[in-house]
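Enquirer: coordinates only, sequence not included:
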């Protein structure tokens, strides 16, 4: 099975749709959950799910854009240009496979030069925990550590060294308490997108039952902003840096319009490490 962002484990469509629409907010735990103490640090002040930060401070009208990449980078240069024109620093989280792809190297170097945050998204885009039983971890601690460290080795080729409290978003945007605990052991700050807008559904293709077109996703983002009492304060908005060619309706092509609309509504965009590393 292809390990790119457009690929998902077979038979998981219904569960994925639930994740898209409802954010997978369940706090499942089980006998395999680590016996570590309750999450500390950022989770003492910020919203968390299964040990991962999922939203920044809701007291101010600030939010962050993050982009993940595994197999596709077709939106890379467009996204980079829009962010530069709008004066925004974002966060980019790429797999080791993405970073090893020669065709993507120029985009990665450009993003680093532009001052965006670069973080790991796993080396091989492994599925860390089961879709049906979130508490069931599918990798060992050693496999997890090896996967992350391999991802960092690829990042180092682009001049990005592993730092203290480096931010990390899990592959498939899916994790459990084991992954959160193992991330802390490596001094990584595990985080995930803020649920509710369906922005992460931009990977879906027309052949998928859960497909959402770009206009629908765009409208859901703005509708959520009106519905939530806190608006998009502290929001972590995830968009994919590229998608399967089967999806010709690209959400990233609406990025400029979305940014300008949210600016008009009084929001400012900050880099992800400013949003959640310093609560």
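Expert: Now that the structure is in, tell me what you want to look at. Given the structure is predicted, the values throughout are model-derived calculations rather than measurements.

Enquirer: How far away from the center of its chain is the host helix or strand of residue 142?
Expert: In the assignment (DSSP states H and E), residue 142 maps to helix 141-156. Computed by CA atoms, centre = their mean, to the nearest Å, the chain-centroid distance of helix 141-156 equals 17 Å.

Enquirer: ok, now which ones touch residue 68?
Expert: 5, 92-94, 121, 169, 173, 238, 240-241 (CB atoms under 8 Å, 6 or more residues apart in numbering). The way it works is simple: take the backbone N, C-alpha and C, and place the C-beta from them, glycine included.

Enquirer: between the residues you listed, which is nearest residue 182?
Expert: Checking these against residue 182 by CB to CB gives residue 169 as the nearest, at 14.6 Å.

Enquirer: In its sheet, which strands sit next to the longest strand anywhere in the chain, and in what direction?
Expert: Counting by DSSP state E, the longest strand found in the chain is strand 62-69. The strands beside strand 62-69 in its sheet (DSSP bridges) come out as strand 91-94 (parallel), strand 236-240 (parallel), strand 268-269 (parallel).

Enquirer: burial count for residue 245?
Expert: 10 (other CB atoms under 10 Å).

Enquirer: Next, it: secondary structure please.
Expert: Following DSSP: H, G, I helix; E, B strand; the rest coil, we place residue 245 in the coil state.

Enquirer: ok now do it, which residues does it touch?
Expert: Contacts of residue 245 (CB under 8 Å, 6+ apart): 72, 74.

Enquirer: In contact with residue 162, which residues are there?
Expert: Residue 162 makes contacts with 152, 155-156, as judged by CB under 8 Å, 6+ apart.

Enquirer: For the helix holding residue 142, list every residue counted as buried.
Expert: The neighbour-count check on helix 141-156 (16 or more other CB atoms under 10 Å) flags 144, 147-148, 151-152, 154-155 as buried.

Enquirer: on that earlier part again, what's the most buried one of the strands paired with strand 62-69?
Expert: Ranked by mean neighbour count, those are led by strand 91-94 with a mean of 26 (mean count of other CB atoms under 10 Å).

Enquirer: State the number of residues packed around residue 176.
Expert: Neighbours of residue 176 (other CB under 10 Å): 27.

Enquirer: where's it relative to residue 190, distance?
Expert: Look at residue 176 and residue 190: by CB to CB, to the nearest Å, they are 11 Å apart.
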